[in-house]
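> Need coordinates for the following:
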Amino acid sequence: MTIHGDHPFLPPESERSPVRRLRGRLPSPVGLWTTSYGGKRAGLTVSSMLIADGEPGFVIGLIDPDSDLWETLHKARTAVVSLLGGPHQQLADAFGYVAPAPGGPFRMIDWTDTDWGPAPAGVSTWAGCTLVTPDPPEIGWALQVQLEIAHVELATDDVPPLIHRRGRYTTL
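Reported below is the predicted structural model:
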């Protein structure tokens, strides 16, 4: 076995998308989107997202159309969007499918069942949301998924938010 100093699947710099490299220079929040339907849970780490204020508020994210999350969210029509903090980097990697999670990432921590799907225990800032349209537009490689915010839980602690920039995590 060989230990690599770099990511072993990263293409050479000359083959990388300049648009993706531009996007990678923007600091992005690290969210965990989770849902369940018919006894099946699905989740995905999402950093291509924003929250739009208003009555109601919305979460807009770019989701892989081939992901388990989209398949399950499309059926369930509800999701929990959790904002991850510094202590949740392993959880982000597991749900981003870049780190091993024996038995699956849902076995890493405890979960609370909500009206919108599973909420991770220990993550105290999250929103319960409903899917706006089952046929979202395609944007580049992804679906532009819009969720209407129905419920918000805000942290009372001061956990630094987890940020993704240039392929790495950091906190503010």
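
> so how many other residues sit close to residue 156?
7 (other CB atoms under 10 Å). Heads up, the C-betas are built off the backbone N, CA and C, glycines and all.

> What of residue 149?
Residue 149 - counted by other CB under 10 Å - has 20 other residues nearby.

> Now do the contacts for it.
Going by CB atoms under 8 Å, 6 or more residues apart in numbering, residue 149 touches 51, 56, 57, 58, 59, 127, 128, 129.

> ChimeraX command to pick out the buried ones of those?
Listed next is the ChimeraX selection for buried residues among the contacts of residue 149, using 16 or more other CB atoms under 10 Å:
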select :51,58,59,127,128,129
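
> Give me the subset of the contacts of residue 149 lying in helices.
Residues of the contacts of residue 149 located in helices (DSSP state H): none.

> max-length strand in the protein?
For the chain, the longest strand by residue count, based on DSSP state E, is strand 142-153.

> before we move on, back to that, so of the contacts of residue 149, which ones are in strands?
51, 58, 59, 127, 128, 129.

> returning to that earlier point: now the contacts of residue 149 as TSV including pLDDT and distance to residue 87?
Converted to TSV, these look like this (pLDDT from 0 to 100; distance: CB to CB, whole Å):
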residue	pLDDT	distance to residue 87
51	96	21
56	96	30
57	98	26
58	98	27
59	98	22
127	98	20
128	98	22
129	98	23
